[in-house]
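# The following comprises the amino acid sequence and a computationally predicted model.
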Amino acid sequence: MRTSSRRRLVAPVIALALLAAACGASGSSAQSPDGAEASGQPTEFTAPTLSGADFDSASLAGKDAVLWFWAPWCTICRGEAPDVVAAAETMDGSVEVIGVGGRGARSEMDDFVADTGTGGLTHVVDESGTIWSSYGVFAQPAYAFIDDSGSVEVVAGALGERALVERMTELASS
């Protein structure tokens, strides 16, 4: 009987741990497999946008930018979406915000953007996960803060509007 009770307690704990891992940790720095903080230079890429245009990351050279990594099924990403839009509006174009949708089908990404009101942002499609991997992103939401000199800091987890605006303000003032 004791073993049965333990199993009933362990199953919900495992389920919660898996859910937390799937949607990312709150505000922690992304780490590579060797434990180093993911930072360095931006990765160059080209990708289609959800609106059908081509996006070339070279267009960000010399600009302050934030890449927002999200998945269409991630409830934390959905909750974070209004904060991302509000932070982008607060910064009034001084920091470019690009959504990087991954881990889902393009149609699901379209639905995510429509449902969350993030259509005012540019969103690139990363169905293969290549862009995510190149930035060391393994959980969502995550952010790559890229300053105008090309330095990158990747942060995993939800940040909320205040923290996003603070980090974006630091980017714009450096």
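Structure's in. What do you need? Numbering: from 1, shown residues only.

# For the spatially closest residue to Leu50 that is not a sequence neighbour, give me its contacts.
Distance criterion CB to CB, 6 or more residues apart in numbering; nearest residue to Leu50, sequence neighbours excluded, is His123 at 4.5 Å. All C-beta atoms are positioned from the backbone trio N, CA, C, and that covers glycine. Applying CB atoms under 8 Å, 6 or more residues apart in numbering to His123 gives the contacts 49-51, 98-101, 109, 113.

# Is His123 in a helix, a strand, or coil?
What DSSP: H, G, I helix; E, B strand; the rest coil gives for His123 is strand.

# re the thing from before, just the buried residues of the contacts of His123.
Buried subset of the contacts of His123 (neighbour count, 16 or more other CB atoms under 10 Å): 50, 98-101, 109, 113.

# Just the ones in helices from those residues, please.
With DSSP state H as the criterion, helices contain 109, 113 from among the buried ones among the contacts of His123.

# of the buried ones among the contacts of His123, closest to Trp68?
Gly99 (5.0 Å; CB to CB).

# wait, doesn't the closest one sit right on Thr122?
Yes: if you go by CB atoms under 8 Å, Gly99 and Thr122 touch, sitting 6.9 Å apart.

# okay, now Val165: neighbour count?
By other CB atoms under 10 Å, 19 other residues sit near Val165.

# So the residue positioned nearest the centre of the chain, which state does it fall into?
The centre of the chain sits closest to Phe69, judged by CA atoms, centre = their mean, with a distance of 2.2 Å. With three-state DSSP as the basis, Phe69 sits in strand.
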